[in-house]
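1. This is the structure alone, sequence omitted:
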């Protein structure tokens with residue numbers, strides 16, 4: 001019999017903030033803990049799950065990773081989340097810790113509330129909610145972090161009668177957090193970092209700490225063991241969707257998979273990506289590219305117009321070499337125009 005509740009860490013954060021990199025580092029510093037992962041992505045191409053399987057650590061073994069790609073995890077609690085937790089609890093031995101990576105568009109509070117479901121409430125607890133924040137993106141104003149200024153703008157413009165969905169998602173993630181990881185601080189000077197911390201402070205509950213990170217390198221000992229029991233503290237975690245009891249939709253967002261042929265010049269593709277992102281309301285692009293003559297697959301990660309590329313692992317002998325990107329943005333995306341621009 002399980003004598004204690006299994007702690008679970010919920011990793012939230014906006015698109016491209018560094019959640020997957022954070023989890024990879026947690027696995028590398030877990031010091032033998034049996035950590036099970038639940039990966040939830042917005043979009044049908046399991047990029048994050050594939051990156052984790054290729055991390056080279058024993059903790060990334062296929063049996064320890066469960067992918068939920070049927071939609072936002074906070075919207076599919078009964079159909080996906082609770083049965084997945086029950087399946088993990090039935091394992092022998094059971095995991096010592098569970099880590100859930102939510103999609104960049106997920107609201108953490110409905111997921112935390114699900115830990116009070118009768119089927120699982122006596123067996124698991126939310127050890128902590130960790131929000132990963134892209135420091136340069138926040139500083140660039142990709143979404144507003146000042147509700148007072150936003151309210152003043154709304155009152156000055158009769159046509160502006162609602163908040164951007166991006167702001168609501170971001171603010172909900174911060175207001176539910178027990179710990180915030182301010183990522184990519186190596187791209188900020190001291191003054192910019194201080195300004196970013198000031199923006200965050202406006203959204204955080206009293207006592208919530210901010211830790212700085214480069215490439216999301218935070219050890220497991222810092223993230224695991226917060227003992228927040230967040231499911232017992234829901235009233236202190238305000239959400240834009242409280243009046244709807246957590247119900248929401250993602251009609252404001254759109255995503256699709258773009259299949260490309262072999263890419264002989266990744267540099268040229270990067271230039272097309274930047275130009276296309278600038279012309280369209282694209283928030284995030286990620287995926288894998290087949291570069292002829294290279295034995296390893298080429299990873300593409302784009303947040304706004306910032307594009308990162310690297311070779312991560314060899315293509316498998318039974319794996320089809322193909323170039324596939326998932327494109328995520330505000331709805332509706334001009335899929336035809338984007339496909340033509342990136343396929344040129």
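-> Sure thing, it's come through. Computed from a predicted structure; not experimentally measured. Numbers count the residues shown, from 1 in each chain.
2. OK, contacts around residue 256?
-> Under the criterion of CB atoms under 8 Å, 6 or more residues apart in numbering, the neighbours of residue 256 are 43, 326, 327, 333, 335. For the C-beta atoms, the positions are set from N, CA and C on the backbone; glycine is no exception.
3. Just these: which are in helices?
-> residue 335 (DSSP state H).
4. domains in this structure, as residue ranges please.
-> Taking automatic domain parsing as the criterion, the chain consists of the domains 6-244, 253-343.
5. mind showing which ranges of the stretch 201-344 of the chain have poor pLDDT?
-> Within the stretch 201-344 of the chain, the segments meeting pLDDT under 70 span 241, 243-253, 303.
6. ok, now how distant is residue 111 from residue 201?
-> 25 Å (CB to CB, to the nearest Å).
7. Give me the more crowded residue out of those two.
-> residue 111 (27 against 12; other CB atoms under 10 Å).
8. Tell me which other helices or strands the helix or strand hosting the more buried one touches.
-> Residue 111 belongs to helix 108-113 when assigned by DSSP states H and E. The contact analysis (3 or more CB pairs under 8 Å, 6 or more residues apart in numbering; DSSP states H and E) places helix 108-113 against strand 6-13, strand 124-134, helix 165-175.
9. Dump the ones you listed to a markdown table, plus mean neighbour count.
-> Below are the helices and strands packed on helix 108-113 laid out as a markdown table (neighbours: other CB atoms under 10 Å):
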| stretch | mean neighbour count |
| --- | --- |
| strand 6-13 | 26 |
| strand 124-134 | 26 |
| helix 165-175 | 22 |
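10. quick revisit: show me how far the helix holding residue 111 is from its chain's centre.
-> Distance, stretch centre to chain centre, for helix 108-113: 15 Å (CA atoms, centre = their mean, to the nearest Å).
11. same check, this time on stretch 325-342
-> For stretch 325-342, the distance to the chain centre is 20 Å (CA atoms, centre = their mean).
12. In it, which residues are buried?
-> By 16 or more other CB atoms under 10 Å, the buried positions in stretch 325-342 come out as 325, 326, 327, 328, 329, 333, 334, 338, 339, 341, 342.
13. Also stretch 297-307?
-> Within stretch 297-307, the residues scored as buried using 16+ other CB under 10 Å are 297, 298, 299, 300, 301, 302, 303, 304, 306, 307.
14. any idea which residue sits dead centre in this protein?
-> Closest residue to the average C-alpha location of the chain: residue 104 at 3.9 Å, with CA atoms, centre = their mean.
15. Excluding chain neighbours, what is closest to that residue?
-> Residue nearest to residue 104 in three dimensions, not counting chain neighbours: residue 15, with 3.5 Å by CB to CB, 6 or more residues apart in numbering.
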